[in-house]
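Engineer: Curious how this folds, go ahead:
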Amino acid sequence: MHWITTTLPWILASFWATVILAQAPAPNQTFPTPAFTYDNSSFLLHGSPFVIIGGQMDPQRIPPIYWRDRLSKARAMGLNTIFSYVYWNLLEPVQGQWTSSDPSNDVVTYFRIAQEEGLHVVLRPGPYICGEREWGGFPAWLSQVPGMVVRTYNEPFLAAAKSYLERLADDLKELQVSRGGPLLMVQVENEYGSYGENHNYTAALRDILLDNYEIPLYTNDGGVDWTLAGGEVPGALAAIDGDPSSGFRARDMYITDPSELGPLMDGEYYTFAPDFWGSENVHNTTVGRPEQITQFLKDLDFVLGANNSISLYMFHGGTNFAFSNGAIWKNFTAAFTTSYDYGSPLDESGRTNELYFTLRDKILEYVPEGSVPEPVANLPRLAIPSFGLRPVVLLFNTLGKKQVRDKPETMEAFGQAYGMILYEHHINATYEGKLQPGDRARDRVMVYVNEKRVGVIDSTYRNPANVSVFVKPGDKLQLLVENLGRVDYWSRESGTFVALEDPYKGIVGDVAIGNETVGGWDIYCLTLDEPPEAGNTTAKVDISDGVPPAFYQAKFWVEGTKDTDPTTLDTFVAVPTGVKGNVWVNGFNLGRYWIIGPQQSLYLPGTVLVPGTWNEVVVLELEPTGAEMTVYGADERKWGNNPDPDAP
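Structural biologist: You can find the predicted model right below:
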């Protein structure tokens with residue numbers, strides 16, 4: 001150990017000098033001290049010791065117009081660095097189609113704004129990011145690449161990952177601190193040690209990053225022996241996540257390669273946790289938990305008091321708009337909510353809260369007096385009085401193109417990533433018995449006979465409901481399958497199959513009724529990228545309990561002018577008589593609602609609304625009951641749980 005600590009600065013300097021020289025345009029050029037590097041105990045920014053006081057905040061979960069507001073509040077809490085995941089599935093939703101020109105994916109602008117607000121940046125590009133995100137950030141099209149196996153030394157996967165990482169680097173290269181930008185470090189993969197130990201794979205990713213960046217690399221793993229052993233990468237600084245006390249001890253105990261040693265950093269210190277859908281799953285928050293706050297402050301003292309580095313995960317969580325949440329497989333589907341509030345110091349609507357100021361007071365003890373700006377005051381949110389919705393069309397009347405197959409095929413086989421898929425069979429024999437939709441429900445199967453709902457098979461339960469049917473010639477059987485979110489995290493200690501390698505949605509295998517296989521299917525892909533245009537529809541739609549899903553529509557007036565600050569239009573949309581579905585406002589998909597909670601309202605950013613005119617809301621209710629459908633906007637959010645009407 002004495003040899004390691006005394007020679008480490010020379011090893012690191014030699015390593016990074018080799019990296020920079022390898023990318024230099026002229027072999028005889030001389031180089032100054034790296035803009036950002038580290039020795040055995042400290043990060044060095046332009047040659048001076050630098051403690052990273054960071055927080056996680058991902059641009060693709062936040063309306064772009066609000067990026068500056070959120071980043072300025074990060075700086076005002078005392079943070080000096082933003083850690084940011086980047087979502088491959090949004091940047092390359094179709095193979096070869098790069099979408100960084102979409103404002104929500106303009107990571108370059110986000111990083112430049114961070115720099116303007118006095119923040120540095122640490123990039124976490126994946127290709128796998130976890131983040132409670134759909135399939136850990138992988139695009140769904142990966143599942144259809146021949147021979148594909150994710151997160152291992154697999155040529156098809158590495159080829160796709162290399163293409164993605166290089167394209168991202170093309171956008172970000174000029175933002176490196178070595179070129180005057182805010183970007184300090186790049187992470188290699190993400191918590192790989194929890195998943196595997198294929199060091200050829202992680203070394204291949206390291207080499208791709210070394211070919212494209214001239215700043216230090218690091219890894220981030222759980223602070224125990226086997227996760228650190230699985231995730232370590234020669235030449236990349238080993239960081240930990242979770243509890244800093246035990247994690248730092250483990251890092252120094254189990255990481256022995258000198259090229260992986262250096263300053264201690266807790267790359268994910270959790271404040272607090274995400275929410276899962278479920279009647280028994282309460283909202284995760286530190287409100288009313290003073291012992292948790294005390295632990296946060298104790299841990300900040302432990303880390304910052306020793307001049308070590310930290311990143312709060314999350315500083316600001318944001319929102320899983322549309323269908324972008326992930327899930328965990330626990331022998332049932334534990335699906336994350338639309339809200340990614342996370343109990344964070346900056347709430348889902350970007351308002352500071354009590355936790356924000358408690359953590360800020362502690363951080364200010366460790367930074368020069370007067371170096372942190374004062375946070376701006378929270379602006380009030382908008383309250384929208386309740387108004388009624390009218391049913392405009394049934395989902396089954398908007399089906400579009402039909403695919404005909406003898407056996408069911410998955411969403412991915414049709415090039416579909418998200419939303420729902422409908423399997424329709426016209427009965428030509430008599431069947432009776434338990435319905436089995438392939439190998440298992442993937443993830444929520446709504447069963448209809450002659451367009452009347454007869455049951456729901458829901459994989460969020462370890463033992464989903466058994467739905468039995470009796471059908472005869474002339475009947476129509478319809479199975480509407482909802483993707484609740486592909487698995488984003490699997491660990492070697494999970495005790496299940498490798499769920500990350502099984503992303504397929506819809507129906508996998510045959511449909512059986514009793515002991516009989518049912519063949520011959522009309523299949524409709526319902527991506528729900530946008531709701532149907534219903535504004536001029538006047539036909540009456542009869543709604544009663546058990547009818548197929550229905551779209552409802554209404555318009556509501558928003559006061560203001562084009563100069564109105566959109567922040568003052570932020571609100572939380574609730575559908576109090578709804579069971580489950582999605583809400584669009586002015587064509588923007590806010591995400592899923594579900595009566596079971598703990599989320600009982602959807603964040604509606606004021607950026608979506610147009611003041612001084614009528615705005616449109618469309619609701620897709622999956623389980624209409626015949627009750628009047630209403631909507632309102634709350635200026636204060638309430639969390640809560642209700643019984644599941646479809647519980648087995």
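Engineer: for the residue nearest the centre of the chain, phi and psi?
Structural biologist: In the chain, the centroid-proximal residue (CA atoms, centre = their mean) is residue 133; its distance is 2.8 Å. Reported as degrees, to the nearest 10, the phi and psi values for residue 133 are phi -110, psi 150.
Engineer: Does it touch residue 325 like I think?
Structural biologist: Yes: between residue 133 and residue 325 there is a contact at 7.4 Å, judged by CB atoms under 8 Å. For every residue, glycine as well, the C-beta is placed using N, CA and C.
Engineer: Please determine how far residue 425 is located from residue 515.
Structural biologist: 17 Å (CB to CB, to the nearest Å).
Engineer: how is this structure carved up into domains?
Structural biologist: Using the TED database, the domains assigned to the chain come out as 42-365, 384-393+532-634, 399-526.
Engineer: Quick one: the ones you listed as JSON lines, columns for distance to residue 374 and mean pLDDT too.
Structural biologist: As requested, those are exported to JSON lines (distance: least, CB to CB, whole Å; pLDDT from 0 to 100):
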{"stretch": "domain 42-365", "distance to residue 374": "6", "mean pLDDT": "98"}
{"stretch": "domain 384-393+532-634", "distance to residue 374": "18", "mean pLDDT": "95"}
{"stretch": "domain 399-526", "distance to residue 374": "37", "mean pLDDT": "98"}
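Engineer: Quick check: which of those is buried the most?
Structural biologist: Among the domains of the chain, judged by mean count of other CB atoms under 10 Å, the one packed with the most neighbours on average is domain 42-365 (a mean of 20).
Engineer: what's the span of that one, first residue to last?
Structural biologist: The first residue of domain 42-365 is 19 Å away from its last residue (CA to CA, to the nearest Å).
Engineer: circling back: mind checking the domains of the chain for the one nearest to residue 375?
Structural biologist: domain 42-365 (3.8 Å; CB to CB).
Engineer: end-to-end on stretch 595-609?
Structural biologist: Length of stretch 595-609, first residue to last, CA to CA: 25 Å.
Engineer: my bad, stretch 437-456
Structural biologist: Using CA to CA, the end-to-end distance of stretch 437-456 comes out at 11 Å.
Engineer: residue boundaries of the strands in the stretch 101-250 of the chain?
Structural biologist: 120-124, 183-187, 217-222, 237-241 (DSSP state E, counting those that start in this stretch).
Engineer: Present these as a markdown table; the columns should include distance to residue 607.
Structural biologist: As requested, these are exported to a markdown table (distance: least, CB to CB, whole Å):
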| stretch | distance to residue 607 |
| --- | --- |
| strand 120-124 | 23 |
| strand 183-187 | 27 |
| strand 217-222 | 32 |
| strand 237-241 | 32 |
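Engineer: got the contact list for stretch 106-124?
Structural biologist: Counting by CB atoms under 8 Å, 6 or more residues apart in numbering, stretch 106-124 makes contact with 45, 52, 54, 59, 64, 67-68, 71-72, 74-75, 79-86, 91, 100, 103, 168, 171-172, 175, 177, 181-187, 190, 220, 311, all of which sit outside it.
Engineer: Give me the distance between it and the centre of its chain.
Structural biologist: 19 Å (CA atoms, centre = their mean, to the nearest Å).
Engineer: Next, the distance between the ends of that stretch.
Structural biologist: With CA to CA as the measure, the first residue of stretch 106-124 is 15 Å from its last.
Engineer: what about the strands of the stretch 101-250 of the chain, which gets the closest to residue 255?
Structural biologist: strand 237-241 (4.6 Å).
Engineer: Run the angle between that closest one and strand 183-187 for me.
Structural biologist: Relative orientation of strand 237-241 and strand 183-187, computed by axes from the mean of the first three to the mean of the last three CA atoms, to 10 degrees: 80 degrees.
Engineer: Tell me the strands beside strand 237-241, with direction?
Structural biologist: Paired strands of strand 237-241, with direction, are strand 217-222 (parallel), strand 265-270 (parallel) (DSSP bridges).
Engineer: what's the distance between the last one and the middle of its chain?
Structural biologist: Right, strand 265-270. Remark: strand 265-270 is offset 18 Å from the chain centroid, using CA atoms, centre = their mean.
Engineer: After it, which helix or strand is next?
Structural biologist: Going down the chain from strand 265-270, the next helix or strand is helix 290-304, by DSSP states H and E.
Engineer: Any chance you could list what contacts that next one?
Structural biologist: Under CB under 8 Å, 6+ apart, the answer for helix 290-304 is 51, 53, 243-245, 264, 266, 269, 271-272, 286, 309-310, 355, 358-359, 362-363, 365-366.
Engineer: again with stretch 488-502
Structural biologist: Applying CB under 8 Å, 6+ apart, the external contacts of stretch 488-502 come out as 130-137, 149-151, 194-196, 226, 230, 326-331, 336, 487.
Engineer: closest one to residue 529 among the strands of the stretch 101-250 of the chain?
Structural biologist: That would be strand 120-124 among those, by CB to CB, at 27.8 Å.
Engineer: Just checking: what are the partner strands of the closest one?
Structural biologist: Strand 120-124 pairs in its sheet with strand 81-85 (parallel), strand 183-187 (parallel), by DSSP bridges.
Engineer: Distance to residue 255 added to those, as CSV?
Structural biologist: Converted to CSV, those look like this (distance: least, CB to CB, whole Å):
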stretch, distance to residue 255
strand 81-85, 21
strand 183-187, 16
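Engineer: Nearest to residue 399, out of those strands?
Structural biologist: The nearest among those, by CB to CB, is strand 81-85 at 35.6 Å.
Engineer: After that closest one, which helix or strand is next?
Structural biologist: Sequence order places helix 88-91 as the next helix or strand after strand 81-85, per DSSP H and E.
Engineer: Who are the packing partners of that following helix?
Structural biologist: On a contact count with 3 or more CB pairs under 8 Å, 6 or more residues apart in numbering; DSSP states H and E, helix 88-91 meets helix 155-172.
Engineer: rerun at 6 Å
Structural biologist: Using 3 or more CB pairs under 6 Å, 6 or more residues apart in numbering; DSSP states H and E as the contact test, no helix or strand touches helix 88-91.
Engineer: Setting aside sequence neighbours, what's the nearest residue to residue 557?
Structural biologist: Counting by CB to CB, 6 or more residues apart in numbering, residue 614 is the residue found nearest to residue 557 once chain neighbours are left out, at 5.7 Å.
Engineer: hmm, I was thinking of residue 271
Structural biologist: Spatial nearest neighbour of residue 271, excluding adjacent residues (CB to CB, 6+ apart): residue 312 at 5.0 Å.
Engineer: is it true that the one you found touches residue 53?
Structural biologist: No: here residue 312 lies out of contact with residue 53, judged by CB atoms under 6 Å, at a distance of 8.7 Å.
Engineer: Mind checking the domains of the chain for the one nearest to residue 33?
Structural biologist: Proximity to residue 33 (CB to CB) singles out domain 42-365 among the domains of the chain, at 5.3 Å.
Engineer: what distance separates that closest one from the centre of its chain?
Structural biologist: 11 Å.
Engineer: for stretch 520-539, same thing?
Structural biologist: The chain centroid and the centroid of stretch 520-539 are separated by 26 Å under CA atoms, centre = their mean.
Engineer: Quickly run through the sheet partners of the host helix or strand of the residue nearest to residue 557, with directions.
Structural biologist: Using DSSP H and E, residue 614 falls within strand 613-621. The strands beside strand 613-621 in its sheet (DSSP bridges) come out as strand 550-558 (antiparallel), strand 580-585 (antiparallel).
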